[in-house]
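S.K.: Test case, fold it:
(one chain, ligands or ions: 2)
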Amino acid sequence: MSTVSSPRPYREAFESFWHPVAFSHELKERPLPFQLLGTDGVVWRTGSGVAATQRYCAHRGADLCHGQPSAEGLRCGFHGWTYGGDGRCVKVPSQPNAPIPGKARLASYACAERYGLVWVCLASQPAAPLPEWPELEDGSLATVPLPRLDWDVSAGRMLEIVLDVAHLSWVHDGTFGNPEQQEVPAYDVERRPGGLRAQIQYPALSPSIGGMAPRVDRTTLTYDVTLPFTVRLAFKPTLFYTHTVYAAASPVSEEKMQCFYFASYHPRIRNFGDMFVKSELAILEQDRRIAEGQRPKAHPLDFAGEVHVRADRLPIEYRRAVAALRLGQPMDAPDTE
Ligand code: FES
Ligand SMILES: [Fe+2]
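M.R.: Numbers count the residues shown, from 1 in each chain. Ligands and ions are numbered 1, 2, ... in the order given. The predicted model follows:
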């Protein structure tokens with residue numbers, strides 16, 4: 001695929017997928033606002049789970065993130081109108097004996113909590129399930145989140161930098177990148193239902209511990225993409241700790257995302273959480289500076305304005321897959337060259 005004829009509008013192409021809008025630990029007794037694909041929403045805890053609706057009250061536009069979850073639903077702070085998780089108004093305190101107007105309802109969205117994240121799908125029917133990360137289901141692994149990454153970067157560009165193999169030795173010099181290893185060996189990209197998978201070996205530099213010089217740590221990196229904007233990246237080093245990172249980029253708009261980024265690890269690794277947060281934030285800051293500077297800001301749908309080479313294979317296949325979604329087509333098979 002080299003040209004794009006008529007892509008669907010950005011929101012229309014991605015509204016039927018699940019996107020994270022909050023970490024579970026952020027959503028406490030107060031509702032939280034979110035912005036997803038240009039839509040303002042609010043998410044809150046119900047008695048039995050989580051619910052998401054439009055952000056502004058159907059009565060007179062008050063901001064429901066200042067409302068109060070109650071047994072009956074989300075109560076607006078302006079006049080107490082109360083909405084169930086399906087968006088229907090169930091209470092108008094100023095007229096308790098009058099019928100509730102049929103138009104007194106909020107747009108409501110599918111909402112689910114899994115893997116320590118609260119996910120929302122804006123369409124009535126999700127087109128694909130949540131990512132499959134079974135290792136997180138039985139509680140045998142510990143997890144550690146980073147603060148939300150609030151970057152001025154499109155979700156597609158964010159995924160592409162996470163999937164970019166050739167930048168490791170350049171951008172991550174000084175963290176784990178190995179400047180001696182600039183050539184990218186050939187690797188395969190496998191198409192899977194709803195995603196992509198690739199595995200590479202990378203001679204990372206292990207963190208310098210106790211004043212010792214960093215050592216080359218032959219690391220197996222396994223990338224598992226769940227389309228459109230989520231990736232699981234497993235690190236299997238020989239010297240440092242095996243761990244897995246999860247990056248779920250939530251498209252605020254076509255040119256901006258927030259990324260929910262966390263790691264899983266064996267709970268017996270002491271101090272992993274502190275070490276991970278410190279080193280990963282330094283690594284991601286290196287990425288942020290590059291990604292925020294890329295133009296065009298919107299994720300390109302073809303390759304017309306850039307020159308890609310074989311070493312860029314994984315980001316190329318990812319872009320093809322996202323372009324197919326924009327065009328409403330089945331994913332192209334990756335090249336087999
Ligand atoms: S604006 Fe929300 S109840 Fe009046
Ligand atoms: Fe990077």
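
S.K.: residues near Gln125, how many?
M.R.: By other Cβ atoms under 10 Å, the residues close to Gln125 number 7. Backbone N, C-alpha and C define where each C-beta goes, glycine included.

S.K.: check contacts around whichever residue of the stretch 151-300 of the chain sits closest to ligand 1.
M.R.: In the stretch 151-300 of the chain, the residue that lies nearest ligand 1 is Val252 (24.8 Å; Cβ to the nearest ligand atom). Neighbouring residues of Val252 by Cβ atoms under 8 Å, 6 or more residues apart in numbering: Gln35, Leu36, Leu37, Gly38, Gln258.

S.K.: Likewise for Cys89?
M.R.: So Cys89 contacts Ala58, Trp81, Thr82, Tyr83, Ile100, Pro101, Ala104, Arg105, Leu106 (Cβ under 8 Å, 6+ apart).

S.K.: hang on, it in a helix?
M.R.: No - per DSSP: H, G, I helix; E, B strand; the rest coil, Cys89 lies outside any helix segment and is strand.

S.K.: you'd agree Arg148 is up against Gln258?
M.R.: Yes - counting by Cβ atoms under 8 Å, Arg148 touches Gln258, with 5.2 Å between them.

S.K.: Of these two, which one has the most company?
M.R.: Taking other Cβ under 10 Å, Arg148 and Gln258 do not tie; Gln258 has more neighbours (24 against 15).

S.K.: what helix or strand does the more buried one sit in?
M.R.: strand 256-265 (DSSP states H and E).

S.K.: what separates the spatially most distant residue from the centre of the chain from ligand 1, distance-wise?
M.R.: Within the chain, the residue lying farthest from the chain centre (Cα atoms, centre = their mean) is Asn97, at 45.3 Å. To ligand 1, Asn97 is 17 Å away according to Cβ to the nearest ligand atom, to the nearest Å.

S.K.: Could I get the contacting residues of that residue?
M.R.: Here Asn97 is in contact with no residue (Cβ under 8 Å, 6+ apart).

S.K.: Over to it. Which of the three states is it?
M.R.: Per three-state DSSP, Asn97 ends up coil.

S.K.: Now it: phi and psi?
M.R.: phi -100, psi 0 (degrees, to the nearest 10).

S.K.: on that earlier part again, toward the C-terminus, what is the element adjacent to the strand holding Gln258?
M.R.: Next element after strand 256-265 (DSSP H and E): helix 272-293.

S.K.: Give the buried residues for that next one.
M.R.: Buried residues in helix 272-293, counting neighbours by 16 or more other Cβ atoms under 10 Å, are found at Phe272, Gly273, Met275, Phe276, Val277, Glu280, Ile283, Leu284, Gln286, Asp287, Arg288, Ala291.

S.K.: pLDDT added to these, as TSV?
M.R.: Formatted as TSV, these follow (pLDDT from 0 to 100):
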residue	pLDDT
Phe272	93
Gly273	95
Met275	92
Phe276	93
Val277	96
Glu280	95
Ile283	95
Leu284	97
Gln286	95
Asp287	96
Arg288	98
Ala291	97
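
S.K.: Thanks a lot, catch you later.
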